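# Got a sequence here, can you model it:
(4 chains)
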Number of protein chains: 2
Amino acid sequence: MAADLNERGRLILEAIIEDYIDSAEPIGSRSVTRRHQMGLSPATVRNVMADLEEMGYLVSPHTSAGRIPTGKGYRFYIDSLLQIRQLTLQEKMKLEQQYRFKGLRIEELLQEAGKALSAISSYTGIVMAPRLATTVFRHIEFIRLSQGKILVVFVSQSGLVQNKIIELEEPIGQEELERITNYLNHTLTGKTIQEIKEMILDEMAQEKALYNQMLKRALMLSGEALKDELGGQVFIEGASNIMEQPEFYDLEKMKRLFRTFEQKSLLVDLLDKSQKAEGVQIFIGSATEYTEIEGCSLITSTYSNRQGTIGTLGVIGPNRMPYSMVIPIVDYTAKLVSQILAIESD
Amino acid sequence: MAADLNERGRLILEAIIEDYIDSAEPIGSRSVTRRHQMGLSPATVRNVMADLEEMGYLVSPHTSAGRIPTGKGYRFYIDSLLQIRQLTLQEKMKLEQQYRFKGLRIEELLQEAGKALSAISSYTGIVMAPRLATTVFRHIEFIRLSQGKILVVFVSQSGLVQNKIIELEEPIGQEELERITNYLNHTLTGKTIQEIKEMILDEMAQEKALYNQMLKRALMLSGEALKDELGGQVFIEGASNIMEQPEFYDLEKMKRLFRTFEQKSLLVDLLDKSQKAEGVQIFIGSATEYTEIEGCSLITSTYSNRQGTIGTLGVIGPNRMPYSMVIPIVDYTAKLVSQILAIESD
DNA sequence: CGTTAGCACTCAGCGGTTTCGAGTGCTAAC
DNA sequence: GTTAGCACTCGAAACCGCTGAGTGCTAACG
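Next up is the predicted model:
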């Protein structure tokens, strides 16, 4: 793909995209030569631009306007042209300050991270909390709410608290519940949820469960408690920031975007995908791919604790984003969060 | 206030407000006579309208347009003119269906309520979760995260789970923590948080705490755990619904509103106020009062459990709302939620 | 042969003018 | 007290022509 683009073509494409990123207006051949003196006449640039359009990197909104980058254009820019800036010490400090409160719960920490992302990028911050399945067991508590209704509170090694209500067919006594609680807390500590699920299936299959009433109940309860995936909670912070962007003066686009924010399912999908890869990922919502967020890009990175990657965070904004700036912000935030999580789970 | 308004004036005011509610356009004298044949000529209506404007119930956006209601106009309409519709069986069922899932945690229940409100009113649903201080103690659990860092999980009678991290100066052993947990769970069950806070202060003042190390620690821990008010969590659902309303085609207004949604503090204030009163409350955001939500109204009602009022929920939409429709929706939703909470805390 | 100057053409956006119509207030007659 | 009539106001929409940024094409240039 890059082969059919010579040095000059790249230079001009880069110039156009960068100019467009900070003007939000279609870029014409003259303004390219004016702002970046590259010893070429507008006419020459024009020819190159026509080629770039042919190749799909640019489009013109109408005949007598300049050109703007396509999704493919941004993609190429990001993959091959972009020079990523280092954050200044000041910026780093600003990001760090956000977390200097003591005793943040993990949800609060993540929410703060979202706010920091949105405040510093001036786009929208987005953070996906760890899924239950990726966490390590620390503590479980069963609290009887009523006949046959039990509140389970589950705490992971990293301090993530999740709770859920389970319903029983046959009632269960207070003492038995306590015995089960103790049993589970002793047996399961330190195991991952994945391991525990497998263990439960194993034990269930074995004979001894048939004869040990308590064990049977314990397996049943813990199985029930861990059954439905609770995770994938998404925090979106600073959505209104995005309303400042000129591309969203179009009400229809904005409505669609906000609906997507509310629904969250598309975002969860994207964040899940990005979680599978290492490092900073960039999705570009074009008219063909991810139409719901057409015109938007999503820059994400993963954060982790001692056990490995547990979640994803990032920034969502218009395609026309200062990537060289936002990418390191996302990257650094992810690292900060990971670092804090590592310390906290001492 | 009503005294200076005769029967005819009221009739015309009502007609104008209702027409405006479903057209969103300034209402002129002719259209009043056309739609509501009341045996009056436009000229007469014009005179009355001039009077209504004088009295502050109406304004005209400019000389040659019709008139629209002011905040005062809506206020009077709601207080004196409005006929509240009964919900149809169908509507009631639709509202009820939303909660027929089993085993909802209280947060989920409230969130569902918000969604129901927004879906059925087609405005924005808003729900404030119970504050810690209004709940009744059921269970507390301390989990050591690290040296000097303890996760407290607190469960209220109604199944509300809140957790927070507290930091200790001097480390505390696992056994002592367990003893404290048992002690607190035995002593505090059934008391309101308010009572507990007072109790702690009392005991602290008394001498015996000085000599009983465990008791001292227990008081300190529980005091710390209940210290900062965690509550006032607000769920906002269907914010994007409001973008459909013609009054928010004005981008600036919309931005302001969404910022208010994000900040939440104003909403918490309003909801708190409304929680002090009984029944359905209506706030009208006019240019003078509550400027941040200028042009918006907030319809709220309170929900309760066995112990009494614990929270507030409602709908936020443009002033120009079909109140006769939305009020019973809010009312019924609040009742449904209270009912479910009463059943759940059996 | 790539580059550039020149030129005719396109078209969105802007500002000004006009027209239209809904609505008003006032006055005089019923 | 009510109504018909009338002159007036003013926003919205339609229309118009201009401007200027931008284009593609062609022919000349080094």
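# for the record, mean pLDDT for stretch A:130-142?
Across stretch A:130-142, the average pLDDT comes to 88.
# same thing with stretch A:204-211?
Computed over stretch A:204-211, the average pLDDT equals 72.
# One more: stretch A:20-38?
Stretch A:20-38 comes out at a mean pLDDT of 92.
# Stretch A:156-168 now?
Throughout stretch A:156-168, pLDDT has a mean value of 84.
# how long is it from one end to the other?
24 Å (C-alpha to C-alpha, to the nearest Å).
# Check the offset of it from the chain's centre.
Relative to its parent chain, stretch A:156-168 has a centroid offset of 23 Å by C-alpha atoms, centre = their mean, to the nearest Å.
# Sort out which residues of it are buried, please.
Residues of stretch A:156-168 classed as buried: A:156-166 (neighbour count, 16 or more other C-beta atoms under 10 Å in any protein chain shown). For every residue, glycine as well, the C-beta is placed using N, CA and C.
# Repeat that for stretch A:36-56.
A:36, A:40, A:45-46, A:48-49, A:51-52, A:55.
# what residue ranges in the stretch 151-300 of chain A are flagged as low confidence?
A:207-210, A:228-231 (pLDDT under 70).
# re earlier: of the buried residues of stretch A:36-56, closest to residue B:265?
Of all the buried residues of stretch A:36-56, residue A:36 has the smallest distance to residue B:265: 46.8 Å, by C-beta to C-beta.
# Check the contact between the closest one and residue A:15; I expect there is one.
Yes. If you go by C-beta atoms under 8 Å, residue A:36 and residue A:15 touch, sitting 4.7 Å apart.
# Can you tell me what sits against whichever strand or helix holds residue A:253?
Assigned by DSSP states H and E, residue A:253 belongs to helix A:251-263. With C-beta atoms under 8 Å, 6 or more residues apart in numbering or on different chains as the test, helix A:251-263 has contacts from A:124, A:236, A:239, A:242-243, A:247-248, A:266-267, A:292-296, B:237-240, B:243-244, B:249, B:251.
# anything in stretch A:330-341 near chain B?
No. Using C-beta under 8 Å from any C-beta of the partner chain, stretch A:330-341 stays clear of chain B, coming no nearer than 11.5 Å.
# Could you do stretch A:237-244 as well?
Yes. Contact of stretch A:237-244 with chain B (C-beta under 8 Å from any C-beta) involves A:237-240, A:243-244.
# between those residues, which is nearest chain B?
Chain B lies nearest to residue A:240 out of those, by C-beta to the nearest C-beta, at 4.1 Å.
# Model confidence for residue A:308, exactly?
On the pLDDT scale, residue A:308 gets 88.
# Look through the stretch 51-200 of chain A and state the residue closest to DNA strand C.
Here the residue of the stretch 51-200 of chain A nearest DNA strand C is residue A:64; by C-beta to the nearest atom of the strand that distance is 2.7 Å.
# got the contact list for residue A:98?
A:112-113, A:115-116, A:119.
# the domain parsing of chain A - what is it?
Domain ranges of chain A: A:7-81, A:89-131+A:232-344, A:133-225, per automatic domain parsing.
# quick revisit: let's see the ChimeraX selection covering just the buried ones among the contacts of helix A:251-263.
A single ChimeraX command is used to select the members of these judged buried by 16+ other C-beta under 10 Å:
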select /A:124,236,239,242,243,248,266,267,293,294,295,296 /B:237,238,239,240,243
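# of all the domains of chain A, which lies closest to DNA strand D?
Of those, nearest to DNA strand D by C-beta to the nearest atom of the strand is domain A:7-81, at 2.3 Å.
# how long is the closest one from one end to the other?
End-to-end distance (C-alpha to C-alpha), domain A:7-81: 11 Å.
# touching DNA strand D at all, it?
Yes. Applying C-beta under 7 Å from any atom of the strand, one finds domain A:7-81 touching DNA strand D at A:26-31, A:42-43, A:46, A:49-50, A:53, A:60, A:63-67.
# Just the buried residues of the strand or helix carrying residue A:11, please?
If you go by DSSP H and E, residue A:11 is part of helix A:7-23. For helix A:7-23, the neighbour count (16+ other C-beta under 10 Å) marks A:9-21 as buried.
# Need the contact partners of that helix.
So helix A:7-23 is in contact with A:5, A:26-27, A:31-32, A:35-36, A:38, A:40, A:45, A:48-49, A:51-52, A:57-58, A:67-69, A:73-74, A:76-77, A:80-81, A:320-322, going by C-beta under 8 Å, 6+ apart.
# Helices of chain A, residue ranges please.
In chain A, helices defined by DSSP state H lie at A:7-23, A:29-35, A:42-54, A:71-76, A:89-97, A:106-121, A:174-188, A:193-205, A:208-211, A:213-225, A:251-263, A:265-275, A:323-344, listed in chain order.
# From residue A:320, how far out is the residue of the stretch 51-200 of chain A closest to DNA strand C?
Separation of residue A:64 from residue A:320 (C-beta to C-beta, to the nearest Å): 21 Å.
# So the two - more neighbours on which side?
Counted by other C-beta atoms under 10 Å in any protein chain shown, residue A:64 and residue A:320 do not tie: residue A:320 has more neighbours, with 21 against 8.
# so what's the more buried one up against?
Counting by C-beta under 8 Å, 6+ apart, residue A:320 has contacts A:20-21, A:24, A:69, A:247.
# how about a cut-off of 10 Å?
A:17, A:20-24, A:68-69, A:74, A:245-247, A:295-297 (C-beta atoms under 10 Å, 6 or more residues apart in numbering or on different chains).
# related to what we said a few turns ago, between residue A:36 and residue A:15, what contacts are shared?
Common contact partners of residue A:36 and residue A:15 (C-beta under 10 Å, 6+ apart): residue A:45.
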